[in-house]
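Student: Quick one: sequence plus predicted model below, questions after.
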Amino acid sequence: MSLKKNDCFTTCHIAGKREKTKTNELNKQPMQKSSKHTVNQRVGSIVDMLMVGQTRSHIIHYGSESWNVGERQMDKYIAKARKLIEGEIVKNLEYDYAKAIKRYEGLYGRAMEKEDYKLALSVNKEITNLQGLNKVQVEHSGNIEFISNIPE
């Protein structure tokens with residue numbers, strides 16, 4: 001928990017346990033937990049910061065200054081932001097693959113219409129690479145063989 005100038009702590013006795021809770025100095029009330037909406041907004045902001053390459057220390061400093069949030073809480077927000085980014089990538093992988101193939105096929109068709117065979121060959125190479133048709137597989141026997149995925 002990072003300490004700010006106006007922060008103070010109060011000791012609470014709950015069910016025989018002594019706990020320190022962060023309180024607001026002005027009215028000595030425990031600080032409110034952020035709403036889900038607020039947390040989602042903060043995580044969204046952190047996603048944006050991560051996408052432009054901001055460092056962890058910059059993000060933590062920003063959270064401390066802007067939201068009065070400590071380092072541990074910011075690390076939780078950063079972890080949520082990273083999972084959100086990873087989830088978006090995994091969910092769209094099949095769509096992005098199909099979109100890339102369609103774009104290449106369209107480009108290939110236009111190249112053939114204009115009789116630009118050099119471009120058509122280049123696009124065809126990209127399609128085969130994307131589909132994994134040019135893979136070389138290494139056998140454990142020590143021999144390197146070309147394995148074609150094209151049905152005979």
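Tutor: Here it is on my side, so go on. Just so it is clear, the structure is predicted and the values come from calculations on it, not from any experiment. Numbering: from 1, shown residues only.
Student: And the protein, what are its domain boundaries?
Tutor: With domains defined by automatic domain parsing, the chain comprises 1-32, 35-90, 93-146.
Student: Out of those, which one sits most buried?
Tutor: domain 35-90 (a mean of 14; mean count of other CB atoms under 10 Å). Any C-beta I mention is one placed from the backbone N, CA and C, and that applies to glycine too.
Student: Lowest mean pLDDT across the domains of the chain, which one is that?
Tutor: Mean pLDDT values for the domains of the chain show the minimum at domain 1-32, a mean of 47.
Student: How much space separates residue 81 from residue 88?
Tutor: The gap separating residue 81 from residue 88 is 11 Å, by CB to CB, to the nearest Å.
Student: can you check residue 44 too?
Tutor: Using CB to CB, residue 44 is found at 12 Å from residue 88.
Student: now residue 48
Tutor: 13 Å.
Student: try residue 72
Tutor: Using CB to CB, residue 72 is found at 25 Å from residue 88.
Student: where's residue 118, which helix or strand?
Tutor: Assigned by DSSP states H and E, residue 118 belongs to helix 117-131.
Student: Which strands or helices does that helix pack on?
Tutor: Applying 3 or more CB pairs under 8 Å, 6 or more residues apart in numbering; DSSP states H and E, one finds that helix 117-131 contacts helix 93-113.
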